[in-house]
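Enquirer: pasting the sequence and the predicted model now:
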Amino acid sequence: MTMSSEAIALSDLRFGWDDEDVVGIDHLSVPAGQRVLIAGPSGCGKSTLLGLIGGVTVPRQGSVSVLGETISALSPRRRDRFRADHIGIVFQLFNLVPYLSTVDNVTLPCRFSTRRRSRATAASSGLVAEATRLLAALGLSTPALRQRSVTDLSVGQQQRVAAARALMGRPEVLIADEPTSALDEASSAQFLDLLMKECDASGTTLILVSHDARLASFFDRNVSFLDINHTVSPRGALEQE
């Protein structure tokens with residue numbers, strides 16, 4: 001992997017189904033360490049864009065470069081490995097594992113990446129210690145909560161566990177899909193403040209997509225998805241109206 005001052009670079013990106021494009025971005029560049037909000041209405045293709053950046057899906061045209069690696073050109077196995085090592089993901093529905101404790105959910109990425117395991121243990125005295133530190137940094141400092149099943153947590157608490165899991169092992173890039181959609185304004189602001197502090201501490205590049213443009217003040221840069229998305233199909237044109 002070639003390191004780059006650009007954490008993310010998209011070029012001539014097109015993705016869709018059959019002949020209908022959902023994502024059509026000519027160029028988007030995000031410097032390392034920047035915190036970017038990509039705002040747009042529900043259903044416009046923001047989650048699809050995150051899937052492309054994370055290497056979950058590949059474009060039908062163009063390239064996706066993350067940390068200097070053109071991940072859109074990698075095999076599925078190498079994309080999975082790259083994502084496990086370098087990208088943290090906060091899913092819109094959290095995707096926590098219900099039969100694991102809170103701490104075990106947070107340490108989960110380290111089961112799939114020796115790189116993130118090494119970085120986590122270097123940051124603290126061990127995986128549990130680093131998971132505990134992250135949970136406390138995100139407002140979950142009560143010992144009883146850390147051993148509780150995630151199914152017994154509130155939505156706001158589950159959201160923070162999902163964020164701690166994504167940050168475990170200090171990934172260089174974190175992508176977050178509508179992580180505040182289930183929170184009221186006060187809880188959303190508190191969560192974002194804690195998330196930004198943790199990203200700053202680890203130098204993590206953050207890309208967060210949301211329908212809520214009121215989140216703009218928390219970010220270094222704000223991007224309108226409809227301004228950068230130039231789909232060429234009739235469906236894409238309708239989505240931007």
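Expert: Now that the structure is in, tell me what you want to look at. None of the values given here were measured: they were computed from a predicted structure.

Enquirer: I'd like to know how many residues surround the closest residue to residue 90 other than its chain neighbours.
Expert: Leaving aside its chain neighbours, residue 90 sits nearest to residue 176 (3.9 Å; criterion: Cβ to Cβ, 6 or more residues apart in numbering). C-beta here means a position set from N, CA and C on the backbone, and glycine is covered the same way. Other residues near residue 176 number 24, with proximity taken as other Cβ atoms under 10 Å.

Enquirer: next one: the host helix or strand of residue 176 to chain centre, how far?
Expert: Element membership for residue 176 (DSSP states H and E) is strand 173-177. Here strand 173-177 is found 1 Å from its chain centre; the criterion is Cα atoms, centre = their mean, to the nearest Å.

Enquirer: now do the helix or strand just after that strand: distance to the chain's middle.
Expert: Once the chain leaves strand 173-177, the next helix or strand it forms, by DSSP H and E, is helix 185-202. Mean-position distance between helix 185-202 and its chain equals 14 Å (Cα atoms, centre = their mean).

Enquirer: list the buried residues of helix 185-202.
Expert: Using 16 or more other Cβ atoms under 10 Å as the burial criterion, the residues of helix 185-202 that qualify are 187, 188, 189, 191, 192, 194, 195, 196, 198, 199, 202.

Enquirer: could you look up the SS state of the closest residue to residue 45 other than its chain neighbours?
Expert: Leaving aside its chain neighbours, residue 45 sits nearest to residue 22 (4.5 Å; criterion: Cβ to Cβ, 6+ apart). Under DSSP: H, G, I helix; E, B strand; the rest coil, the three-state class of residue 22 is strand.

Enquirer: what are the buried residues along stretch 94-114?
Expert: 94, 96, 101, 102, 103, 104, 105, 106, 107, 109, 110, 113.

Enquirer: who's in contact with the residue nearest the centre of the chain?
Expert: In the chain, the residue lying closest to the centroid (Cα atoms, centre = their mean) is residue 175, at 1.6 Å. For residue 175, the contact set (Cβ atoms under 8 Å, 6 or more residues apart in numbering) comprises 50, 53, 54, 87, 88, 89, 90, 206, 207, 208, 209.

Enquirer: the fifth one contacts residue 110, doesn't it?
Expert: No. If you go by Cβ atoms under 8 Å, residue 88 and residue 110 don't touch, sitting 11.7 Å apart.

Enquirer: I figured residue 203 hits residue 33, correct?
Expert: Yes. With contacts counted by Cβ under 8 Å, residue 203 reaches residue 33, the gap being 5.4 Å.

Enquirer: with adjacent residues omitted, what lies nearest to residue 174?
Expert: residue 88 (4.3 Å).

Enquirer: do you know how far the closest residue in space to residue 74 that isn't next to it in sequence is from residue 167?
Expert: Closest residue to residue 74 apart from its sequence neighbours, by Cβ to Cβ, 6+ apart: residue 82 at 6.5 Å. Separation of residue 82 from residue 167 (Cβ to Cβ, to the nearest Å): 18 Å.

Enquirer: burial of residue 70, as a residue count?
Expert: Counted by other Cβ under 10 Å, the residues lying close to residue 70 total 13.
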